[in-house]
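Visitor: Okay, sequence plus prediction incoming.
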Amino acid sequence: MRGSPEERAAVKKSFERMNLKEKAEYIITYYKLPLFTAFVVLVVAISSIYQYVTKKEEVLYLAYVNFVAGETLNGQLSDEYLTYTDRDPQKTDVLVYQDLYIDEDPSLADHQYAYASRMKILGAISASKMDVAIMNENAYKQLSASGLLLRTDMVLKPDPALYEQMKPHITAGTVILEDNSVEYNLNEAETYEAVTEEVENAIDVSEFPIFVNAGIKDKLYIGVIGNTRHIDEARTYLSYLLNYK
C-alpha cells in the first residue's frame, strides 16, 4: 500500500473498525489482482506436482496398423502384459497407437485418413516412440518394403530358446533397397524399377492362441520397429504373446 505513514495508519485503523464482511469486500476490491495471480500460480504448481506424481512410465510403444482389437483383446495385449512382467499398472503403461490405417492405393474417401495415419506412424518412429507393430498382411507388406522393420534374428537370437520356438512363425518380407519411384511418379521414367531383397523381419502370429481365441481369422503379423529403444522389452513381449494362456 502506497501513501504517507499517516495515510497508512488511518487506513489501518479504518480497516480494524470494519466487520468481517466489510473486511472481505475491502480485500477483494483492492487486492483482487495479486490474489488472482497467486491463485493461478498455486493451481499451476498443484497441477504440475500432480502430473509428476501420477505420470506413468511407458515401458513399450505398441501400434495396431490395419488391425482392430476389441476391448478384451486390447486389455490382453497391454494391461495384462504389465501383470505378466510384475509391473504396477498404476505406475507403468503400454502406450497403444490405435486406429492406424494405411493402404498402397487408398480410395479417394480413405486417402486423407491413410495419409494422416502414415504421417503419425513415421512421426512416432522418428521420435523413437514405436517399438512393436501388430498388422494385417497389407500393412506388413508396406512397412517391410519401407525398411521400417528390424530383422527377427536381431530381436530373437539373444534368447536361443525363444528363437527356436519362433522359427516356424518367422516370415520374410520384401525390402526395397532402391528404386526410381520419384522419376516414375514425375513421368521421367516409363517403367517402375526397384532393387529388392527378402528379409526375415516379422512373425506370423495368426495361430497364436491369444489371437485365435479372440476370433481373428485373417493373417496377422508382428514386427519390431527398426529404431526401437526397447529391444529387450520387445523380445519379452513376443515371448508373452507366444506363451499366452
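Guide: Great, that's in hand. Residues are numbered from 1 along each chain as shown.
Visitor: can you list the weak-confidence ranges in the protein?
Guide: 1-18, 21-55, 105-109 (pLDDT under 70).
Visitor: which stretches of it form strands?
Guide: Taking DSSP state E, the strands of the chain run over residues 57-65, 92-100, 132-136, 170-179, 194-204, 220-224.
Visitor: Quick check: which of those is nearest to Arg151?
Guide: Among these, the nearest to Arg151 by CB to CB is strand 194-204 (5.6 Å). Yep, even glycine has a C-beta here, placed from its N, CA and C like the rest.
Visitor: can you list contacts of the closest one?
Guide: 140, 144-145, 149-153, 166, 169-181, 219-223, 238 (CB atoms under 8 Å, 6 or more residues apart in numbering).
Visitor: Now do that strand and strand 170-179, the angle between them.
Guide: 160 degrees (axes from the mean of the first three to the mean of the last three CA atoms, to 10 degrees).
Visitor: what about strand 194-204, distance to the chain center?
Guide: Offset of strand 194-204 from its chain centre (CA atoms, centre = their mean, to the nearest Å): 25 Å.
Visitor: For it, buried residues please.
Guide: By neighbour count on 16 or more other CB atoms under 10 Å, the buried set for strand 194-204 is 199-204.
Visitor: Quick one: the helices in this structure, in order.
Guide: With DSSP state H as the criterion, the chain has helices at 5-17, 20-54, 71-77, 79-84, 108-126, 137-145, 152-156, 160-166, 181-185, 209-212, 231-242.
Visitor: Kindly compare burial across the strands of the chain and name the winner.
Guide: Highest mean neighbour count among these (mean count of other CB atoms under 10 Å): strand 220-224, with a mean of 26.
Visitor: Each with direction, which strands does it pair with?
Guide: Each strand paired with strand 220-224, and its direction, by DSSP bridges: strand 132-136 (antiparallel), strand 194-204 (antiparallel).
Visitor: out of these, which comes closest to Asn213?
Guide: strand 132-136 (15.4 Å).
Visitor: outside of that closest one, which residues touch it?
Guide: Against strand 132-136 from outside (CB under 8 Å, 6+ apart): 60-67, 69, 77, 139, 143, 149, 205, 218-225, 228, 234, 237-238.
Visitor: on that earlier part again, any chance of the buried residues of strand 194-204 in CSV, plus distance to Tyr101?
Guide: Shown next, in CSV, are the buried residues of strand 194-204 (distance: CB to CB, whole Å):
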residue, distance to Tyr101
Val199, 24
Glu200, 26
Asn201, 21
Ala202, 18
Ile203, 21
Asp204, 21
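Visitor: And those residues, which two are furthest apart?
Guide: Longest span within the buried residues of strand 194-204, CB to CB: Val199 and Asp204, 14.6 Å.
Visitor: Run a quick neighbour tally on the nearest residue to Thr236 once chain neighbours are set aside.
Guide: Of all residues not flanking Thr236 in the chain, Thr85 sits nearest, at 6.6 Å (CB to CB, 6 or more residues apart in numbering). When counting by other CB atoms under 10 Å, one arrives at 15 neighbours for Thr85.
Visitor: Distance check, Thr85 against Gly215.
Guide: As for Thr85, its distance to Gly215 is 26 Å (criterion: CB to CB, to the nearest Å).
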